[in-house]
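Have a look; sequence and predicted model below, questions after that.
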Amino acid sequence: MNKIYLLLATMFALSSCNEDFDIDTIGEDPLMVVYCFPSTSDTTIIQVSVSTPMNQSIRPDLETDISNADISYRVNGYDYPVIAVGHGEYYAIGKHSVNDLVDILVSADSLPSVSGTATIPTDCSIQLNSVKRIQRYDRDSGTTIPQDQIAATFTDVSSAKDYYAFRVKMRSYKGTASAYTLNERGEKVASQYTKIATMEQYLQLKAQHPELEWEFNYTQVVNSYPTLNLEDEPLLHPINKVDDQFGFTNLFYQNFYIVDDATFNGESYTLHLNVPAKLTVGNFKEEYQVEIYYITKDFYKFIKSINDVENNDLAVRGFSLVTPTASNVTGGIGLIGAFNKSESSFKSRNN
Amino acid sequence: MKLILLSGLFLAINLFATITPYSPVKIKTKSALLHDKSQSPATFGAEPITAQTEDNGGESPSQTADPSQADAKVETAGKVMEAEMAAPPRAKRYTLFGYIKNVDGEPLINASVYAPALSRGTLTNSYGFFSLSLPEGEHQIRISYVGYEEVTRMVNLTSNQTVTAFLTSNTLIDEVVIFGNLNSPLHNTQTGKRTFSQHDIRSEFSFLSTPDVVKTLKRTSGVAEGIELMSGLYVHGGNNDENLYLLDGTPMYQVNHTFGIFSSFNSDVIKNVDFYKSGFPARYGGRLSSVIDVRTNDGTMNQVKGMFRLGLIDGALQLEGPIQKNKTSFNIGIRRSWIDLISKPIFSMINKDDNEDDFTMDFMFQDINAKLTHLFNDRSRISLSVYVGEDKMSTDEKLYWKLTDEQYDYHDQMKNNFDWGNFNAALNWSYMFSPKLFANFSAVYSFNRSKFYSTYVSDISDNPEDNLYGLDNADHGFTSSINDVGYRAEFDFRPNPSQHIRFGHTYTHHLIKPQTSYKINYYSDQNKVDTVSSESSNRHLANEYVIFAEDEINFNNALSVNGGFNMHVFTTKGKSFWGIDPRLAFKVQATENLTFKMSYTKMSQFMHKISNSFLEMPTDYWAATTERLQPMTSDQFAIGMYYNINKNWFMSIEASHKITNHLLQYANWNGLEPPAESWDTSVMDGKGKYFGIEVDAKYHAQIATIDMSYTLSFNQRKFEELYEDWFYDVFDNRHKFNFTARFKFNPKIHGYVSWMYHSGNRMTLPTQYVQMPDTPSSNNIDLLGESNYVYDKPNNIVLSPYHRMDAGFDFRHKTKRGNERVWNLSVYNLYCHLNTMWVTIRQPDKPDYFKAKTHGYIPIIPSCSYTLYF
């Protein structure tokens, strides 16, 4: 009988805790991290920092900034001046045009040099068609909440593989509207309707008193890129409720909504992007502008790789393949991601 | 070009084979004669055997090297042509043919029929049929089958003879038949083949005391286990969807029960499993990495038998017997899990004291295998084989709460239902046209479905008036299915002792309906109601035509060649893919106990499983190659050495190298169910390469059988869209060692133990922690990047080595009525090693080092079962 106890004791002694994993086996050396997004603008920001290998102690961001890097920034073979502005940021000064080839070489003490290239892509445009108020159910609050649905149309640039990103810029106005009339001399005469604080009131009065002129006193105008509700846009909303339960999410890095043209190659496409009203910060009105970025393939792949990891819990647990971070620089980590940005005009619900 | 060279080589070899035995004989056709047939009886086997002879003049004596004969006759498609030979004539040849069965009338597959004096022999085919041409005269014939008593008899061959031999099972002796077993790797050209009988599968360790085919296959060399208990079969570096599962000739798409813990194959009705890892015969095609040809028992022809088994989570009943003695038989096997019968009361008790949160989970699987076989006569038989399998899983969570300071009651309910399974049917008619030509015609139907639906209801009501204040109802579902209808005609032709020709044709019509989805949401609050509903469906048709032919030629006792081709045409959406996959295998038998082999096979695959994980999920679906893609192909070379050391030991070494093209990998990791309407735009085209060396050793004695295997393998992938260079596959298990021992301590106690060790699976961990970029314009509006992980080469780390020991005992007892009852006790993971399934990185809150945490969850799992054979 004692032998049985001994056997059982041995068996459960062997039911060890989880095994150890030596994180040093991943060990790599620190690498320089460079981000640069050339476009047709005059100034290009370059961010330079150093990475922390997984076998080293984590450090605050300030300590990983590299502010004394030596940067060569060339456009079509010509050097552009680069100015350090601190905290690992640099400005390359000079005009860029479509199809310009940008070469960048960054050196810093004790780290391998980093280089990369990108070509400024062609331009594209987007038309904001309408902004309308819709109701969508919000599970968090358990009620239907109003949302502003923005419809915007763009046309795929070519029949080749193209990559885009979108953002919705929301401009929220805080302030009031006041009505006046003009006297015979053309001078403004205040009416009884002053300091109207909501758009609804203003519209009601404007309809009732078409003879009145209006002026607006905005105390604050806030620009933001809201996190969109993508339920009505299949291009940007590939997951469903089942996926939720298996740990899939649908987050976009920095609200930079990237797509490729696989489903609309060479054709026009109308986006339907919802902005929950609860995200608005103005009391008077919101205007929306849709930004379209025609981005390079490397740019798309980099952002997609970040999104893929963030949105897939199964991969982090080894049950599906992890997308490697799609760096396109040589000798380090980072992205030289060229883009060409266009914007629609601003539009609010009422125009 | 490679194809042309191979075809040319094969034709040259074939020509050489045809000419060599007669050279420098000159054959001239004189006339063509039809002959009547007559038969004479003989006896064989444990029971009086039916043996019949066909008259000398009746059937096709063919040319042999007997100098006493000036004239000889050559058989061509049932007609006999007389040939005049300029060279010294040969002895007449006659054909010994028939069926090998067990004493219950069950045909035995891969049984050996061997004439030792001539070193000539053959194997029975999938229907127990054999055909062996021998010179006129008296011959000793040995008929053997592993686990059965060998029968040796003398046959005086003066005409074609038909034989039906009945072998007696002898589980006590169970000597391995080395010299007479032509299915031994020593004697055939086949590389990478393993054969398992029902006895093999039942006498191994079985998880939860339920024997399982796929678990048995996972223990073989060259096969990666995947994720413990959860995923499928990864053969020679292939993916889980690259295995051709055939149940009585019908393809099966989804072979898992319980998310991969069990397979769909009920071992109670299985007769034989042929598992091919390389050197695929030309009659198989459509998958890249392996073929698993599962054949079920016909059912006993002379008495009703059966078994009943009750295991830890499932029960099974199997019955077989004659409907008309020695003419018609039936065999039916039913399995059902019964865990749901106890889960409901258990959850009811758990939820009893919790008024706010009720959670219940139900799970069940069931399957039925049924087969009817009718023998019209010795030449003709028909069988109908049907499989129905189903899995269901549901979860139901109800939440109810009432806040004391609020006037509302809240109810939430979330229900999920998974339902998946197969229906397969095969109608087979086999007919012996002549002693040398056997044919089988099959009509097959295969249906696979998977369904998921969920319902979420949330309501808020006034308290205590119970007026509905707000309601949120979301119904969502997916259904995917495949309907395959087709036929198969295959012929088995043995024109002379040196050749075994198989040829045939298959046609399959695929109706694929991935992801028929529906979504209905309606919301209401006090004033507003919003209803959103959508439905979508996909429907694809595809047709697959295959012509195949293979010829196994024995030049002499030392050299054999098997060559053939599998020509296929696959049409879908107006686009056609066609190709010819050559197959070639050589065998050089250096000595009686030592053989060397080499094989080359090309395989093509047109059906793809679309999945976003390595798990066996019911949400996975199958789709056919589209016009945007290329079919997947593989080229595999294998060489091997097979050595029979002595009567107890046998060992083999095989090496294989496989190149795979147009591998598909889902590229958008957003969601478990890749959208079916555009899946082909969301996949990456890639390559794979595999190299492996497999060493297998088998010890067989009266008291113990021991199997040992070691695999050294390198398994790589390249998807340029994902990563610019080659990277190791997640199941690149560099070393794999398997030890399995079966003991027969005495007739009443059998034991078994197995130990598996392999290098850990791979996974991807971040290599660096970096500041993330501020995308354009983001720095103006407070969307600054944060630091995050950088992932570099996929599958960059190797998890800790996996090892596990399983053991069990069968306690057998004969009852007074002559029935046998078996108590099985099994222990999975005997020493409770929690093998690592994945590793996560923990980021420190303050400046400190990163930490890694391993996760392993499968502990020791004991089980028992009771089986009664009656």
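Arrived safely, thanks for sending.

Next up, the contacts around residue B:169.
When contacts are counted by Cβ atoms under 8 Å, 6 or more residues apart in numbering or on different chains, residue B:169 touches B:102-103, B:147-149. Placement of C-beta: from N, CA and C, glycine included.

one more time with 10 Å, if that's ok
Each residue near residue B:169 by Cβ atoms under 10 Å, 6 or more residues apart in numbering or on different chains is listed here: B:46, B:102-104, B:145, B:147-149, B:199.

how far away is it from residue B:833?
Going from residue B:169 to residue B:833 by Cβ to Cβ, to the nearest Å gives 37 Å.

Next up, the contacts around residue A:253.
Going by Cβ under 10 Å, 6+ apart, the list of residues near residue A:253 reads A:302-307, A:310, B:772-773, B:775, B:778, B:783, B:785-786, B:788.

now with 7 Å?
When contacts are counted by Cβ atoms under 7 Å, 6 or more residues apart in numbering or on different chains, residue A:253 touches A:303, A:306-307.

of the residues you listed, list those near chain B.
Here nothing survives when the contacts of residue A:253 are matched to chain B using Cβ under 7 Å from any Cβ of the partner chain.

Of those, which is the most crowded?
Scoring the contacts of residue A:253 on neighbours with other Cβ atoms under 10 Å in any protein chain shown, the highest-scoring entry is residue A:306 at 27 neighbours.

Which pLDDT value does the model give it?
Here, the pLDDT recorded for residue A:306 equals 92.

Then it would be within a helix, right?
Yes - counting by DSSP: H, G, I helix; E, B strand; the rest coil, residue A:306 falls inside a helix.

which non-adjacent residue is nearest it?
Closest residue to residue A:306 apart from its sequence neighbours, by Cβ to Cβ, 6 or more residues apart in numbering or on different chains: residue A:253 at 4.8 Å.

Quick check: phi and psi at that neighbour.
Here is the backbone geometry of residue A:253 (degrees, to the nearest 10): phi -60, psi 120.

tell me the helices in the chain, going along the chain?
This is for chain A. Secondary structure of chain A (DSSP state H): helices at A:2-14, A:61-64, A:199-208, A:241-245, A:297-311, A:313-316.

I was thinking of chain B, sorry if that wasn't clear
Under DSSP H, chain B gives helices at B:2-19, B:198-202, B:213-218, B:339-352.

for the stretch 251-351 of chain A, which spans come out with low pLDDT?
A:281-282, A:350-351 (pLDDT under 70).

Name the residues of it found near chain B, please.
Residues of the stretch 251-351 of chain A lying near chain B (Cβ under 7 Å from any Cβ): A:254-256, A:262-263, A:293, A:308-309, A:311-312, A:314-325, A:333, A:335, A:339, A:341.

just to revisit the earlier point, pull out the buried members of the contacts of residue B:169.
The neighbour count (16 or more other Cβ atoms under 10 Å in any protein chain shown) marks B:102-104, B:145, B:147-149 as buried among the contacts of residue B:169.

From those residues, pick the one nearest chain A.
residue B:147 (33.5 Å; Cβ to the nearest Cβ).

Low-confidence ranges, chain A, go.
A:1-18, A:137-144, A:238-242, A:281-282, A:350-351.

List the buried residues for stretch B:119-130?
Buried residues in stretch B:119-130 (16+ other Cβ under 10 Å): B:120-130.

one step back: just the contacts of residue B:169 that are near chain A?
Within the contacts of residue B:169, nothing lies near chain A by Cβ under 7 Å from any Cβ.

of those, the lowest pLDDT goes to which?
residue B:46 (41).

residues in contact with residue B:688?
If you count contacts by Cβ under 7 Å, 6+ apart, residue B:688 has them with B:237, B:660, B:663, B:716-717.

residues near the nearest residue to it once chain neighbours are set aside, how many?
Using Cβ to Cβ, 6+ apart and skipping the chain neighbours, the partner closest in space to residue B:688 is residue B:660 (3.7 Å). Residues lying near residue B:660 (other Cβ under 10 Å) number 25.

Likewise for residue B:352?
So residue B:352, with other Cβ under 10 Å, has 9 neighbours.

mind listing the strands for the stretch 51-200 of chain B?
B:71-76, B:79-85, B:93-102, B:112-115, B:120-123, B:129-135, B:137-144, B:151-157, B:160-167, B:193-197 (DSSP state E, counting those that start in this stretch).

For the last one, which strands pair with it and how are they oriented?
Each strand paired with strand B:193-197, and its direction, by DSSP bridges: strand B:270-276 (antiparallel).

So what touches the partner strand?
B:106, B:109-110, B:192-198, B:201, B:213, B:217, B:220, B:284, B:290-297.
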